[in-house]
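Chemist: Here's a sequence, model it:
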Amino acid sequence: GFHICDDLKRVTFLWGEEDLQINDLDGVFMNSNMSDDLQLHESNIDYIYLDRNIRYADENGMVSPENILTYSLAPNVDEVIIGPNVSKIPPMAFNGADVTRLVIPGNINYVGALALRNLSELRELVIEPSPTNTPLTLEYDESYDETTGPFYLFNSLYDVLETIRLNREIIYDYQPTDEDEGVFSDRRSLEAVALGEQVETISDWMFSEAPKLKSVTIQSALTSIGNYAFYNCPVLNWVTIPSSVTSIGNYAFYNCDALTSVTFPTSLTSIGNSAFENCDGITSVNVPTSVTTMSNNVFKNSDGITSA
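Modeler: Below is the predicted model:
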């Protein structure tokens, strides 16, 4: 197709009623040494405008959504613009791209497994609201034998993501069990999170292990804060729990030392085990009478509390 097009810098996939099928991906955009079929080199493409759903057919004609853009396009791509006619991002699509800002528009309803991993240059992530209030589904495929989160970085020391603007509900098919598996967990440079009106839940481990996270802005649609949601975010000093929240999970704010006060809404009915354990900065709390379930050790080792 576009084999050894060294000067090709920009690729635009325009809208079409049917999915665009790419055949034999390795030979479409790759630059390869013809004397050695095993020596493949990345393309020089640095810009992609994607306004059409794409699928891939291998050398046997078998259609698969995997590896659509990754190895042939993504390694040097620093700008990705997704148009209004795309509804899905295929698995592995932008794994390893050099994109610095990524906007996932509201028309995207599905992101395939491992599509957005290893974005080591990403500084800002914006997930826009859905015009139909449809959640964004992040696929987990057990065949990849990966239990890390969908935005996982192979080496978190290179993480530069500073801001997340999440404006719609996320459905992740895997139930995380530790800090490497949350949707946005283990982000070493994350400083600010803003959650929009379509976000109803903060899932388990979602923003855990974020050592630079200082502020979280939450709008009024949120109903639950999951287990370990902000686990070990030691400089988190400002979070507003809106009046719509009914439950706070186990260890939700564990080891959030910089929190100085917590005001619970009267909608709250349950607080999980050790939800605010090791929060030494908290000096006052106000637990409303609406709370009917208050588990063990909610404020354990939060020794700064002087009034409740």
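
Chemist: for stretch 263-278, which positions count as buried?
Modeler: For stretch 263-278, the neighbour count (16 or more other Cβ atoms under 10 Å) marks Phe264, Leu268, Ser270, Ile271, Gly272, Asn273, Ser274, Ala275, Phe276, Glu277, Asn278 as buried. Where C-beta positions appear, they are placed from N, C-alpha and C, glycine not excepted.

Chemist: Same list, those residues, but as TSV with secondary structure, distance to Glu79 and pLDDT please.
Modeler: Shown next, in TSV, are the buried residues of stretch 263-278 (DSSP: H, G, I helix; E, B strand; the rest coil; distance: Cβ to Cβ, whole Å; pLDDT from 0 to 100):
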residue	secondary structure	distance to Glu79	pLDDT
Phe264	coil	43	90
Leu268	coil	43	96
Ser270	strand	45	97
Ile271	strand	44	96
Gly272	coil	42	96
Asn273	coil	45	96
Ser274	coil	43	96
Ala275	coil	41	96
Phe276	coil	42	95
Glu277	coil	43	95
Asn278	coil	42	94
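
Chemist: and the end-to-end length of stretch 229-249?
Modeler: 8 Å (Cα to Cα, to the nearest Å).

Chemist: Please identify the buried residues of it?
Modeler: Buried residues in stretch 229-249 (16+ other Cβ under 10 Å): 229-234, 236-237, 239, 241, 244-245, 247-249.

Chemist: Quick one: residues contacting the residue lying closest to Tyr158 once chain neighbours are set aside.
Modeler: Nearest non-adjacent residue to Tyr158, counting by Cβ to Cβ, 6 or more residues apart in numbering: Ser120, 4.7 Å away. By Cβ atoms under 8 Å, 6 or more residues apart in numbering, Ser120 lies in contact with Gly96, Asp98, Leu153, Asn155, Tyr158, Asp159, Val160.

Chemist: What count of nearby residues applies to the second one?
Modeler: The reference is to Asp98. When neighbours are defined as other Cβ atoms under 10 Å, Asp98 has 16 of them.

Chemist: next one: the last one
Modeler: Other residues within reach of Val160, judged by other Cβ under 10 Å, total 16.

Chemist: low-confidence ranges in this structure?
Modeler: Along the chain, segments meeting pLDDT under 70 span 1-9, 13, 16-49, 51-52, 54-77, 143-148, 307-308.

Chemist: what are the phi and psi angles of the closest residue to Asn155 other than its chain neighbours?
Modeler: Distances taken as Cβ to Cβ, 6+ apart put Ser120 closest to Asn155, at 7.8 Å, once the chain neighbours are dropped. Dihedral angles phi and psi of Ser120 (degrees, to the nearest 10) take the values phi -70, psi -10.

Chemist: Could you measure from Ser120 over to Met92?
Modeler: Per Cβ to Cβ, to the nearest Å, Ser120 is found 16 Å from Met92.

Chemist: ditto for Leu236
Modeler: Leu236 is 33 Å from Met92, by Cβ to Cβ.

Chemist: before we move on, back to that, tell me which two in the buried residues of stretch 229-249 are the farthest apart.
Modeler: Put simply, by Cβ to Cβ the two of the buried residues of stretch 229-249 set farthest apart are Pro234 and Ser244, 27.0 Å from each other.

Chemist: who touches Ile271 in this structure?
Modeler: Counted by Cβ under 8 Å, 6+ apart, Ile271 has contacts Ser247, Ile248, Phe264, Val287, Val291, Thr293, Met294, Ser295, Val298.

Chemist: Export the residues you listed to a markdown table and append columns for secondary structure.
Modeler: Listed next are the contacts of Ile271 as a markdown table, based on DSSP: H, G, I helix; E, B strand; the rest coil:
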| residue | secondary structure |
| --- | --- |
| Ser247 | strand |
| Ile248 | strand |
| Phe264 | coil |
| Val287 | coil |
| Val291 | coil |
| Thr293 | strand |
| Met294 | strand |
| Ser295 | coil |
| Val298 | coil |
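
Chemist: Out of those residues, which comes closest to Leu213?
Modeler: For the contacts of Ile271, the nearest to Leu213 is Ile248 (17.2 Å; Cβ to Cβ).

Chemist: so the closest one bridges to which residues?
Modeler: According to DSSP bridges, the residues that bridge with Ile248 are Ile225, Ile271.

Chemist: contacting residues for it?
Modeler: Per Cβ under 8 Å, 6+ apart, neighbours of Ile248: Ser224, Ile225, Ile241, Leu268, Ser270, Ile271, Gly272, Ala275.

Chemist: Can you tell me the closest non-neighbouring residue to the third one?
Modeler: Using Cβ to Cβ, 6+ apart and skipping residues adjacent in sequence, the residue nearest Ile241 is Pro265, 6.0 Å away.

Chemist: does that neighbour belong to a helix or a strand, and which?
Modeler: Using DSSP states H and E, Pro265 sits in no helix or strand.
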